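>>> dropping a prediction and its sequence here:
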Amino acid sequence: MSKLKHMKLGDILFSIFQYVMLIGASIIALVPVVVCVFTAFKTNDEYAATSVLDFPEHWTYLENFVVAFTKANMGRCFLNTGIVLVVVLTLSILFSSMLAYILNRFRFPGHGLIDNLFTFASLIPGIATQVTVYQIMYSLGLINHLYGYIIVLCGTDIISIYIFLQFFENLPTSLDESAILDGCTYFGIFFKILFPLLKPAIVTSCILKGVSVYNEYYMSNLYLQNANLKTISTALYTFTGPYGNQYNYICAGVLITIIPILIVFLLCQKQIYGGLAAGAVKG
Amino acid sequence: MNAIVAEQKSPLQFFHDGRVQRKLVIFCFMILPMALLIVFTYVPFIKMIQFSFYDRTYLDSGKFVGLKNYLEVFTRSECFGSLAVSLYYMGGAVVQLGLALFFASLMVFKVKGAGVYKACMFFPYLICGIAVGFIFKFFYSRGYVLDTILMMFGMDLEDIPYWLQNQSINNISLVATSVWRYTGQNMVLFLGAMMSVDNDLYEAADLDGAGKWQKFRYIILPSIKTIIVLNLILSISGSLSAFEPPYVITNGTMGTGTYFVIMNRLAHENQKVGLACAMAIVLLAIIVLCTVAQKLFFKYVFTDGADDPEAAAEAKRQRKAAKAARKQKKEVAPV
């Protein structure tokens, strides 16, 4: 109360304005998703009879989730996505940290050229080159194999390289120098001394890359056409035909794919926000 | 003398020789990433340039047609029309930046539950494109979410347009989904830049009795003008590369095909690979132009403040010195 007295009228009005705007925006951001949550818990009859904004009768009605999960073969798709995620993250962290180490710590003929090659590659719109990438994948026999998809995902990783490059800039070279005096090899320096120190950058690029791999569907759709190889986002796409307007099933499917992302988001909010800023500075 | 010593080295010593090892580590660490970059980015890129001069399909190598494909990019109504659709996305990008700036500025000033609002607005960014597509198909369908909400506010169903079918409005509906998805992400970026402002500045502003508007105008805005201009320039190429909303929600039908969607259709459905490649090259040229413009802009327009680390460091040093001086004064004064 006493605090209120000290505030000027303008400050109070501003405060009210702040809350109204921010709460309003949060609600608008959530409405499309929340409506999906309501709908996913409705039976067919309930879905046909009630307004989309009504609460479902029973929050324990899980039939839609079961149908969505089994019809789209989501168990298998989660397994595929899991395999792709683990392998792609491991490889791309390794590759991009190694490359960043070389580019940051050594000067050699061709250094500038390689740097420029990566910078220019980041400008080439990914979807545009898929026309010709498809031909290369085809001639290498990589289509309809999980490993083919994994390789193509590893090949398009420029953001991670930037994150690691920035991180190396802030690691003092005196670390390397003293290790060399102790008789450590360059390989030893990287794997034993520097790599453990990269942990924050690894977490950041794992999250950013992980989210983009989990959500990727264009290449998955192009290179994994076999039903048993589908990833989670392309599995969701199969709902387009058979369910037409049965949005209670579709919403259940949508929620199943969102839940893992939501959990990761709630657990690593700070790293995600931080990672975004790190990824954005590259421009 | 040196040559003799080198010859006597055992393989292990040879490995420990700095120069050799250096070459070895450079080679080993670069070979795989470079191979991937070349095979999956540069070979396709060079092939793309080559294909753009041919009238060809996926398998048939076709015949050389010179610049015909490029002329077609600018004369074919399909391609040219998609550039007009991109204007909607450009407008959307400006609205999105404005909203992000607005909400980020509101959040810079103390407010309870800032983390919750931030999370709510940011989360859409993490949802997969296909899921966003379904969410909004449902949202815009006749008689579903949006219509129900509008009817709650007293609108008649007959007065409400078909959000995805009506050609005068469906592009706006699609752009809105992308604004919904990316505003939070932009906001987080802006907020990060605003928070990195030296706290001394705010303190000094408080001492001088600056109001909120003045703080916004003279402290917050300068701190993020770089990132705003950057995002404005990026929005030009970004709006040309807009792909997901029309691809997933309307499949580019009913006049919603953006440049990328048309290119994708030409390549994969009509098998006009040469024309699609020419479109890709034109897009890339525009992106490169934007990037060069951005570099020039930053080089010649923003020469003060945050973009020049030395000047910024100098300013910071001066502020610190001034603060220390004030502190000393305070300590001395009572005596």
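Arrived safely, thanks for sending.

>>> can you classify A:Trp59 as helix, strand or coil?
At A:Trp59 the chain is in coil, as set by DSSP: H, G, I helix; E, B strand; the rest coil.

>>> A:Tyr186 and chain B, how far apart?
4 Å (C-beta to the nearest C-beta, to the nearest Å). (Each C-beta comes from the backbone N, C-alpha and C, glycine too.)

>>> which residues touch that residue?
B:21-22, B:24-25 (C-beta atoms under 8 Å, 6 or more residues apart in numbering or on different chains).

>>> kindly report the same for B:Leu37.
Residues in contact with B:Leu37, defined by C-beta under 8 Å, 6+ apart, are A:117-118, A:121, A:155.

>>> may I have stretch B:169-176 exported as CSV, CA atoms only?
Provided in CSV are the C-alpha atoms of stretch B:169-176 (Å, rounded to 0.1, in the frame of the first residue of the first chain):
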residue,chain,number,x,y,z
ILE,B,169,-7.9,-12.6,-47.4
ASN,B,170,-6.3,-16.0,-47.5
ASN,B,171,-2.7,-14.8,-47.8
ILE,B,172,-3.2,-12.6,-44.8
SER,B,173,-4.5,-15.6,-42.9
LEU,B,174,-1.4,-17.5,-43.8
VAL,B,175,1.0,-14.7,-43.0
ALA,B,176,-0.7,-14.4,-39.6
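
>>> quickly check: it near chain A or not.
No: among the residues of stretch B:169-176, none lie within reach of chain A under C-beta under 8 Å from any C-beta of the partner chain; the closest is 10.5 Å away.

>>> in the stretch 201-335 of chain B, which residue sits closest to chain A?
B:Ala280 (3.6 Å; C-beta to the nearest C-beta).

>>> what sits closest to that residue if chain neighbours are left out?
A:Ala128 (3.6 Å; C-beta to C-beta, 6 or more residues apart in numbering or on different chains).

>>> what is the burial count for the residue of the stretch 201-335 of chain B closest to chain A?
Around B:Ala280 there are 29 other residues, counting by other C-beta atoms under 10 Å in any protein chain shown.

>>> quick revisit: in the strand or helix carrying the residue nearest to B:Ala280, what counts as buried?
Assessed by DSSP states H and E, A:Ala128 sits inside helix A:126-139. Buried positions in helix A:126-139, judged by neighbour count with 16 or more other C-beta atoms under 10 Å in any protein chain shown: A:126-137.

>>> can you list the neighbours in contact with it?
Against helix A:126-139 from outside (C-beta under 8 Å, 6+ apart): A:143, A:148, A:152, A:156, A:218-219, A:222-223, B:39-41, B:43-45, B:47-48, B:51, B:58, B:241, B:243, B:260, B:263-264, B:267-268, B:273, B:276-277, B:279-280, B:283-284.

>>> report the buried members of these.
Buried among the contacts of helix A:126-139 (16+ other C-beta under 10 Å): A:143, A:148, A:152, A:156, A:218-219, A:222-223, B:39-41, B:43-45, B:47-48, B:51, B:241, B:243, B:260, B:263-264, B:267-268, B:273, B:276-277, B:279-280, B:283-284.

>>> now the buried residues of helix A:126-139 as CSV including pLDDT and distance to A:Gly275?
Shown next, in CSV, are the buried residues of helix A:126-139 (pLDDT from 0 to 100; distance: C-beta to C-beta, whole Å):
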residue, pLDDT, distance to A:Gly275
A:Gly126, 77, 20
A:Ile127, 79, 23
A:Ala128, 79, 26
A:Thr129, 84, 26
A:Gln130, 84, 26
A:Val131, 82, 31
A:Thr132, 86, 31
A:Val133, 89, 27
A:Tyr134, 86, 31
A:Gln135, 85, 34
A:Ile136, 88, 31
A:Met137, 89, 29
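
>>> let me know the closest of those to B:Gly133.
Ranked by distance to B:Gly133 (C-beta to C-beta), the buried residues of helix A:126-139 are led by A:Ile127 at 15.9 Å.

>>> of the contacts of B:Leu37, which belong to helices?
A:117-118, A:121 (DSSP state H).

>>> ChimeraX command to pick out the buried ones of those?
Burial among the ones in helices among the contacts of B:Leu37 is assessed by 16+ other C-beta under 10 Å; the matching ChimeraX selection reads:
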select /A:118,121
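
>>> just checking: which of the ones in helices among the contacts of B:Leu37 also lie near chain B?
Among the ones in helices among the contacts of B:Leu37, chain B is touched by A:117-118, A:121 when using C-beta under 8 Å from any C-beta.

>>> tell me which of these is nearest to B:Met34?
Nearest member of these to B:Met34, counting by C-beta to C-beta, is A:Leu117, at 8.3 Å.

>>> mind listing what that closest one touches?
A:Leu117 touches B:37, B:42, counting by C-beta under 8 Å, 6+ apart.

>>> quick check: pLDDT value at it.
A:Leu117 is assigned 88 on the pLDDT scale.

>>> now swap in B:Val5 and tell me
pLDDT at B:Val5 comes out at 46.

>>> now A:Phe55, nearest residue through space, not along the chain?
Nearest to A:Phe55 is A:Phe38, by C-beta to C-beta, 6+ apart, at 6.1 Å.
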